[in-house]
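Chemist: generate coordinates for the sequence data below:
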Amino acid sequence: MTSRVGTMTAVWVTLGWSLLACLPAHSQQPAAPDKAPAPNEQEAGGNLAAAMQLFSRQDKDADGKVSKQEAAAGFWTLFGRFDANGDGALDKDEFAAPFKEGRVRIGAGVGQQPRGPSDELLSRLESDYWPRKSRSMAPEAADPLTCEDVPGDGVWVDPALRQVAADWIPVTVWFDRQLLGDGAAYSRRGKELSGELRRPLRQRVVDTLKSLSDQSYLSCEKQVRALVEDGRVQLVEWHWIVNGFSCLASPEGLAGLEHVPGVKKVFLARGRIPAIAGAGAVEASFFPDRAEKTAEPAAFEHPWYIRQLLADKVWKQFRITGKGTLNVVMDGSFVFSPNVTANLYRNSRETPGNGEDDDGNGLIDDYHGFDFARGTALSSVAAPRADLPRFAPYMHGFMCAAIICSTGSEDCQYEFGLAPSATWAGVIAAARFEPAVEWAIEQRADTLSMSFSRPNLGEYRSHWRKVLEQAAFCGLCSASGAGNFAREGSPTYAPVPIQLRTPEDIPLAVFAPAGVQRDLTRTSFSSQGPVKWETEHYAEGTVPKPDFCGFNANLPALLPNGKVLPGGLNGNSFAGPMAAGTLALMLSADPDLLPWDAREILTATCTDVADPGVDSQTGHGLINSYRAVKEVLRRRAVRQGEDPSAYEGREPDDQWQPVAGAPGPVFE
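Modeler: Down below sits the predicted model:
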């Protein structure tokens, strides 16, 4: 069903011109203009109407001015720039100036006409804009893990911050205590916890991280609030997946952050553009519960990559089709069709379409996922067209989900998913990826598929890496295609060691597949390793990547109208979901498989397809879903004291071999 629900829209407060120098080149984020673009006539009218309503409500003593004492905290930053006469208050003209210029915009949802502000919006903007945590204080962890000190003397400040000339600078702060303290902690703590089971460990780690975050919050809340009230810091967003927070800071605010108790590192948060919560409207898509059905692979036709990755052999021999796993797809947009909505996640703690935060996590209608970039329920960017002739860019997220776990349907005899009994959820995060990762973990997700690349992050790469390393200890297996930046002469070409970008360049915690063609030859665009880590926090130097390979060329495409294209789909965006789909099969076979053990198994069972051994183009080789799941079952049997002999030894047909001549049918 489709429901019209109140949602969040960006309300820019003197930010449009201030973040330009902070954005990475070639980012998927659009570059910010030198100044906020002028609103059109209709939008300007809506903004001015909003300004006058807000002015009247905040002018509590009706003297024709809004003092700083009367103003909501979300408007304190206006005083320094728009108090033209310097009297410490804003008259009507001064208050309206940023609305007229488009510095502050209060509009509607995507694709909607601008309109006057709703009572809900006015209430949000007039509230004390001290950004709250998205949860209540966590109960003290019952069985906490040991946390570690982040090494180094004093407070480290990203050198890039000295080169930013902006009124407001996006920064991310780490506190001095983390689950993983130094740059080598991931491997060290993984060995320490090697005897744990993934699901119980996940809860222990989440409780530990939230408790640690609460301790740091309580120790510095007074000082951070003071920076907000002084107009030196704004839009504070607290994280627990790393012990820290993100915010916008003025140059004076940067100096203030260094004196906040417990602060250890301050990063330039490249590409991170926060938004103040407003209210608009979007068409949010909700789908009713469907009766659970048993996977019937024999009832549908499957694309050739299913056979060549041996996923069909997993279904037939082990009766494992991904049941019980949740796979989160992080992308820029989604469309829906029966092939992907049948096993779309339904958050049982949320009532869809009622405009309420039923589960108390600070998000309204996070039923199938959430759009963290806009603060809205997940929505479809387009309705399926019956005459849709080709694959379109806005179907990217849809196709990633389809490769992981789409099913056949009454109207479509094709089943594209490697794990057709798995479920999936969609998240849109842009650069606000921490809350999206936290949401995935709180929904007990098993995999996170990220088919995007962030270049030029500088020292901020360390923050992405720490988030995904600690997410792995929360049981999340993250996968990201290796990228498409190897073709010399292409506008997107990048040299080694930066052909793999973030997050696929993250060692160990992120599964990064490159891709090959159907005949196992390499595609010219597929990014090659190795990568190099020489940040202040991580300094291994040269690191082997990619990890292995899937397929990335001339893939068949499923369209939202149920039709298929026999080929033409290219890119490592689709190799990443092949890794996620295989991980779903592995975690369905053993839900307590630790992420670092999954990595060991997946790389050890690959089929070598290039130079013998590990190489910089295909890593350990082609994903072999069958051998990987078989090894998972063998290890599970040993752990549970059962006879593992059924899962031991090699078989003549346990890896795919190219057949001379015709490549075989596209669907079978």
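
Chemist: check which helix or strand G231 maps to.
Modeler: G231 is part of no helix or strand, with elements assigned from DSSP states H and E.

Chemist: so how many other residues sit close to it?
Modeler: By the criterion of other C-beta atoms under 10 Å, G231 has 17 neighbours. Using the backbone N, CA and C atoms, a C-beta is placed for each residue, glycine as well.

Chemist: please, where are all the helices along the stretch 451-600 of the chain?
Modeler: Shown for the stretch 451-600 of the chain, the helices assigned by DSSP state H, counting those that start in this stretch span residues 461-473, 575-589, 595-604.

Chemist: orientation of the longest one relative to helix 595-604 in degrees?
Modeler: Meaning helix 575-589. 120 degrees (axes from the mean of the first three to the mean of the last three C-alpha atoms, to 10 degrees).

Chemist: quick check: mean pLDDT across helix 575-589?
Modeler: On average, the pLDDT along helix 575-589 is 98.

Chemist: how far off centre is that helix?
Modeler: 18 Å (C-alpha atoms, centre = their mean, to the nearest Å).

Chemist: ditto for stretch 146-163
Modeler: Worked out by C-alpha atoms, centre = their mean, stretch 146-163 lies 24 Å from the chain centre.

Chemist: between the two ends of that stretch, how far is it?
Modeler: Terminal residues of stretch 146-163 are spaced 37 Å apart (C-alpha to C-alpha, to the nearest Å).

Chemist: for stretch 436-450, same thing?
Modeler: With C-alpha to C-alpha, one end of stretch 436-450 sits 11 Å from the other.

Chemist: equivalent analysis for stretch 618-625, please.
Modeler: End-to-end for stretch 618-625, by C-alpha to C-alpha: 16 Å.

Chemist: ok, residues contacting it?
Modeler: 308-311, 313-314, 418, 512-514, 516, 520, 522, 529, 544-550, 578-579, 581-582, 585, 602-610, 614, 654-656 (C-beta atoms under 8 Å, 6 or more residues apart in numbering).

Chemist: taking the residues you listed one by one, which sit in strands?
Modeler: The members of the contacts of stretch 618-625 that map onto strands under DSSP state E are P513, A514, V516, F548, C549, G550.

Chemist: please look at the second one and Q617 and confirm they touch.
Modeler: Yes - using C-beta atoms under 8 Å as the test, A514 is close enough to Q617 to be in contact (6.4 Å).

Chemist: in the sheet, who's paired with T607?
Modeler: L622 (DSSP bridges).

Chemist: specify the beta-bridge partners of Q234.
Modeler: Taking DSSP bridges as the rule, Q234 bridges to L248.

Chemist: doesn't I169 make contact with it?
Modeler: No - counting by C-beta under 8 Å, Q234 stays clear of I169, with 11.1 Å between them.

Chemist: so for the two, which residues contact both of them?
Modeler: What both Q234 and I169 touch, as defined by C-beta under 8 Å, 6+ apart, is the set L248.

Chemist: in the stretch 51-200 of the chain, what spans have low per-residue confidence?
Modeler: 68-69, 71-81, 98-141 (pLDDT under 70).

Chemist: oh sorry, the question was meant for the chain
Modeler: Residues of the chain that meet the cut-off, pLDDT under 70, sit at 1-47, 50, 68-69, 71-81, 98-141, 273-283, 290-295, 382-389, 660-662.

Chemist: buried stuff in the longest helix along it?
Modeler: Using DSSP state H, we find that the single longest helix of the chain is helix 198-229. Neighbour counts using 16 or more other C-beta atoms under 10 Å place 198, 201-202, 204-217, 220, 224, 227-228 of helix 198-229 among the buried residues.

Chemist: between that helix and helix 575-589, how big is the angle?
Modeler: 130 degrees.

Chemist: circling back: so A514 and Q617 - more neighbours on which side?
Modeler: A514 (33 against 20).

Chemist: name the residues contacting each of A514 and Q617.
Modeler: Going by C-beta under 8 Å, 6+ apart, residues that sit against A514 and also against Q617 are R522, S526, Q528, P546, C549.

Chemist: check the gap between the nearest residue to L520 once chain neighbours are set aside and P595 for me.
Modeler: Excluding the flanking residues, the one nearest L520 by C-beta to C-beta, 6 or more residues apart in numbering is V609, at 4.6 Å. For V609, the distance to P595 equals 25 Å [C-beta to C-beta, to the nearest Å].

Chemist: what segments of the stretch 151-300 of the chain are helices?
Modeler: With DSSP H, counting those that start in this stretch as the criterion, the stretch 151-300 of the chain has helices spanning 185-192, 198-229, 251-257.

Chemist: wait, which of those is closest to E301?
Modeler: Proximity to E301 (C-beta to C-beta) singles out helix 198-229 among these, at 34.1 Å.

Chemist: next one: that closest one to chain centre, how far?
Modeler: Counting by C-alpha atoms, centre = their mean, helix 198-229 comes out at 20 Å from the chain centroid.

Chemist: which neighbouring elements make contact with it?
Modeler: strand 177-178, strand 233-239, strand 244-249, helix 251-257, helix 433-442, helix 461-473 (3 or more C-beta pairs under 8 Å, 6 or more residues apart in numbering; DSSP states H and E).

Chemist: please save the CA atoms from the longest one in PDB.
Modeler: Meaning helix 461-473. Output in PDB follows, covering the C-alpha atoms of helix 461-473 (Å, rounded to 0.1, in the frame of the first residue of the first chain):
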ATOM      1  CA  ARG A 461      38.700   6.600   6.000                       C
ATOM      2  CA  SER A 462      39.700   5.600   9.500                       C
ATOM      3  CA  HIS A 463      36.200   6.500  10.800                       C
ATOM      4  CA  TRP A 464      34.500   4.400   8.100                       C
ATOM      5  CA  ARG A 465      36.800   1.500   8.900                       C
ATOM      6  CA  LYS A 466      36.300   1.700  12.700                       C
ATOM      7  CA  VAL A 467      32.500   1.700  12.200                       C
ATOM      8  CA  LEU A 468      32.500  -1.400  10.000                       C
ATOM      9  CA  GLU A 469      35.100  -3.200  12.100                       C
ATOM     10  CA  GLN A 470      33.000  -2.700  15.300                       C
ATOM     11  CA  ALA A 471      29.900  -3.600  13.300                       C
ATOM     12  CA  ALA A 472      31.500  -7.000  12.500                       C
ATOM     13  CA  PHE A 473      31.800  -7.600  16.200                       C
END
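
Chemist: give me the residues contacting it.
Modeler: Taking C-beta under 8 Å, 6+ apart as the rule, helix 461-473 contacts 172, 174, 178-180, 185-186, 189, 193, 201, 205, 209, 241-242, 267, 269, 433-434, 437, 440-441, 448, 454, 457, 476, 478, 502-503, 505-506, 508-510, 533, 535-538, 595-596.

Chemist: recalculate using a threshold of 7 Å.
Modeler: 172, 179-180, 186, 205, 209, 241-242, 267, 434, 437, 441, 457, 478, 502-503, 506, 509-510, 535, 537-538, 595 (C-beta atoms under 7 Å, 6 or more residues apart in numbering).

Chemist: so for it, what gets flagged as buried?
Modeler: Buried, per 16+ other C-beta under 10 Å, within helix 461-473: 461-473.

Chemist: so which of those is the closest to A628?
Modeler: A472 (17.6 Å).

Chemist: how far away is the closest one from A637?
Modeler: For A472, the distance to A637 - C-beta to C-beta - is 24 Å.

Chemist: hang on, the earlier thing: now the helices of the stretch 151-300 of the chain in CSV, with distance to R349?
Modeler: Output for the helices of the stretch 151-300 of the chain, formatted as CSV (distance: least, C-beta to C-beta, whole Å):
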stretch, distance to R349
helix 185-192, 31
helix 198-229, 16
helix 251-257, 35
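
Chemist: quick check: which of those is nearest to T423?
Modeler: Once the helices of the stretch 151-300 of the chain are compared by C-beta to C-beta, helix 198-229 is nearest, at 16.4 Å.

Chemist: I'd like the helices of the stretch 451-600 of the chain as TSV, with distance to T407 appended.
Modeler: Formatted as TSV, the helices of the stretch 451-600 of the chain follow (distance: least, C-beta to C-beta, whole Å):
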stretch	distance to T407
helix 461-473	27
helix 575-589	13
helix 595-604	24
